[in-house]
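A.B. asks: Turn this into a model:
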Amino acid sequence: MTHATLRPEFEELIDPYAPVGQVGTGFTFTEGPIWHPIDHYLLFSDMPADVRRRWDPGRGVAEARRPSNKCNGMTYDAELNLIVCEHATSSLVRERSDGRREVLASHFEGQELNSPNDVCLRSDGSIYFSDPYFGRMPVFGVERPRQLGFQGVYRVPPGGGAPQLLVDRLLFDQPNGLCFSPDEKLLFVNDTVQTLIRVFDVAGDGSLSNGRIFASGIRSSLEEGVPDGMKCDQRGNIWVTAPGGVWVYAPSGDLLGKVRAPEKVANLAWGGPDFHTLFLTATHSVYRIETKVGARREPFMNARTPGAMGRAAPQSAESRPSSPQPSPPQNLTLDPKRCALIIQDMQNDVISDGGAFAGSGAPGHAREQNVVENTRRLAAAARARGVAVIHVWFIVERGAPGLTLNAPLFEGVVDNNALVRGGWGAAPVSGLEPQAGDFVVEKMRMSAWEGSRLETILKAQGRDMIINTGAWTNMSVEHTARTGADKGYFMVVPEDCCSTMNAVWHHASIDYAMQNVAVVTNVEAVIKALG
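C.D. replies: Numbering: from 1, shown residues only. Predicted structure coming up:
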């Protein structure tokens with residue numbers, strides 16, 4: 001099957017001859033695909049059959065839930081709880097990993113919702129969903145009268161509460177698929193009956209404004225297919241179900257090309273280990289196709305530990321068993337003339353409120369650790385004793401040319417337009433600006449060693465004892481410690497001069513991995529050891 005290239009940019013997103021492989025078939029009508037980022041399986045709904053199914057490469061297709069309340073769109077929240085649109089109950093629900101079912105939205109102004117259809121999450125935890133009345137029709141739901149006289153788009157606030165209507169009541173005939181742009185400043189919503197996509201500006205409080213038509217005329221008299229499911233890729237292109245398969249629009253609204261499928265496609269979602277496999281729920285079958293571009297970084301994709309659906313979640317700091325690390329060494333002695341202090345990734349986008357990665361929880365953990373003040377105090381003591389102070393910053397040019405997107409961390413830099421040279425986000429946090437005599441090293445990897453001039457400076461200065469501080473503990477700090485140990489440097493990590501997304505991740509690194517590659521201690525012990 002050959003896909004249709006309408007503009008050259010389309011072939012940067014997908015091979016025009018990319019095969020469309022069948023994952024499973026024999027279903028009634030498939031919808032709502034979502035990929036689990038940890039356990040690596042696809043969930044999808046067989047809506048008229050009232051069954052939720054799952055597929056993974058090892059076991060194939062199996063039933064996951066019956067009945068499923070004729071569920072439609074699904075996604076995960078940041079803790080990998082499943083968020084489900086249910087046609088039969090006219091509800092948006094959260095299914096927690098321990099089996100609890102929580103109704104997030106079922107009524108608006110005292111009237112039952114029509115039938116929540118599709119759903120997406122913002123990084124602040126708010127939930128957006130569309131509410132056409134397909135679930136009150138035969139086959140696709142439970143036939144019953146409507147209570148609301150309109151079809152809306154809603155938001156559930158981060159802490160829960162009544163759904164907030166975001167658009168004019170008469171704007172949409174049947175609002176359906178919806179998705180955010182990579183920076184979450186735009187929300188796209190399509191209308192199955194009007195055969196178009198609208199785009200809205202998203203304010204800081206989550207409200208929508210300046211609605212306008214992004215694409216129209218998504219119809220054909222020759223091929224089956226309508227605007228239904230819709231997703232945004234990491235570059236901001238919009239992929240929407242349409243006649244013949246999936247149509248792909250550039251951020252400008254230009255139609256780039258068409259992905260062909262053997263059956264009418266109702267929805268789509270990226271999955272696979274690197275989120276470069278596009279799954280298509282297409283009437284009686286589910287298909288997959290490899291793409292050159294990955295998904296927009298959704299909040300649930302940042303989960304990196306066993307979580308929902310029957311596996312143990314990370315323990316809280318309070319419930320975690322006592323860790324095996326020794327107490328900070330009492331006899332630690334450091335020669336200032338051989339020492340260098342690395343202050344890594346302490347930049348606004350990384351740990352500041354309002355930064356590109358603020359939604360990760362990093363600003364809160366930085367405050368818990370008092371990391372900025374502790375590191376500032378350590379740097380002042382180091383300078384006074386002749387220790388070389390080296391600031392390591394993650395810096396990219398606008399558009400991040402040369403940054404390989406081989407890992408979620410690097411994709412996140414691009415998706416969030418983060419750490420761009422000259423911008424506020426790339427600047428050091430207040431209190432940790434370079435001082436006279438300090439060095440600044442730039443990198444585009446996790447480890448401070450990779451592709452940087454760090455080791456050149458260390459060798460020129462005769463420094464072989466490294467005091468390793470910064471963000472994020474379990475990523476940049478740990479990678480730098482591991483590589484430094486391999487290179488023969490004596491690595492010291494004052495844990496209260498490091499922070500990450502939360503205490504669980506921090507201690508997973510400090511209490512275990514770091515113990516094998518560094519002396520783990522605290523700021524007071526390091527200052528004392530410097531004399």
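A.B. asks: residue contacts, Gln461?
C.D. replies: Shown in contact with Gln461 (Cβ atoms under 8 Å, 6 or more residues apart in numbering): Ala340, Ala388. Heads up, the C-betas are built off the backbone N, CA and C, glycines and all.
A.B. asks: give me the number of residues near Cys498?
C.D. replies: Cys498: 30 surrounding residues under other Cβ atoms under 10 Å.
A.B. asks: Kindly list the main-chain dihedrals of it?
C.D. replies: phi -130, psi 150 (degrees, to the nearest 10).
A.B. asks: For Ala88, give me its contacts.
C.D. replies: Asp50, Pro67, Asn69, Lys70, Gly135, Gly141, Val142.
A.B. asks: List the buried residues in stretch 141-149.
C.D. replies: Gly141, Val142, Leu148 (16 or more other Cβ atoms under 10 Å).
A.B. asks: one step back: can you tell me which two in the contacts of Ala88 are farthest apart?
C.D. replies: Pro67 and Gly135 (13.9 Å; Cβ to Cβ).
A.B. asks: more crowded one of these two?
C.D. replies: Taking neighbours as other Cβ under 10 Å, Pro67 and Gly135 compare with Gly135 leading, 28 against 11.
A.B. asks: now that one, nearest residue through space, not along the chain?
C.D. replies: Using Cβ to Cβ, 6 or more residues apart in numbering and skipping the chain neighbours, the partner closest in space to Gly135 is Ser115 (2.4 Å).
A.B. asks: Tell me the spacing between that neighbour and Ala49.
C.D. replies: 17 Å (Cβ to Cβ, to the nearest Å).
A.B. asks: Same drill for these two, tell me which one is more crowded.
C.D. replies: The neighbour comparison of Ser115 against Ala49 (other Cβ under 10 Å) goes to Ser115, with 28 against 17.
A.B. asks: wait, that one sits on Ser130?
C.D. replies: No: in this structure, Ser115 is not within contact of Ser130 by Cβ atoms under 8 Å, at 9.7 Å.
A.B. asks: which ones are touching Asp438?
C.D. replies: Contacts of Asp438 (Cβ under 8 Å, 6+ apart): Arg383, Val389, Ile390, His391.
A.B. asks: Show me what the helix or strand containing the first one is packed against.
C.D. replies: Mapping Arg383 onto the secondary structure by DSSP states H and E places it in helix 371-384. Using 3 or more Cβ pairs under 8 Å, 6 or more residues apart in numbering; DSSP states H and E as the contact test, the elements touching helix 371-384 are strand 339-344, strand 388-394, strand 465-471, helix 523-529.
A.B. asks: Now for His507, how many residues are close by?
C.D. replies: Neighbour tally, His507, other Cβ under 10 Å: 20.
A.B. asks: can you check Tyr41 too?
C.D. replies: For Tyr41, using other Cβ under 10 Å, the count is 18.
A.B. asks: check contacts around it.
C.D. replies: Per Cβ under 8 Å, 6+ apart, neighbours of Tyr41: Trp35, Arg54, Trp55, Asp56.
A.B. asks: Go through these and name the one nearest Ala407.
C.D. replies: The closest of the contacts of Tyr41, once distances to Ala407 are taken by Cβ to Cβ, is Trp35, at 17.0 Å.
A.B. asks: now the residue nearest to the closest one when sequence neighbours are not counted: how far from Gly125?
C.D. replies: Nearest residue to Trp35, sequence neighbours excluded (Cβ to Cβ, 6+ apart): Gly271, at 2.8 Å. Per Cβ to Cβ, Gly271 is found 22 Å from Gly125.
A.B. asks: Looking at those two, which has the bigger crowd around it?
C.D. replies: Set Gly271 next to Gly125 and count neighbours by other Cβ under 10 Å: Gly271 wins out with 22 against 16.
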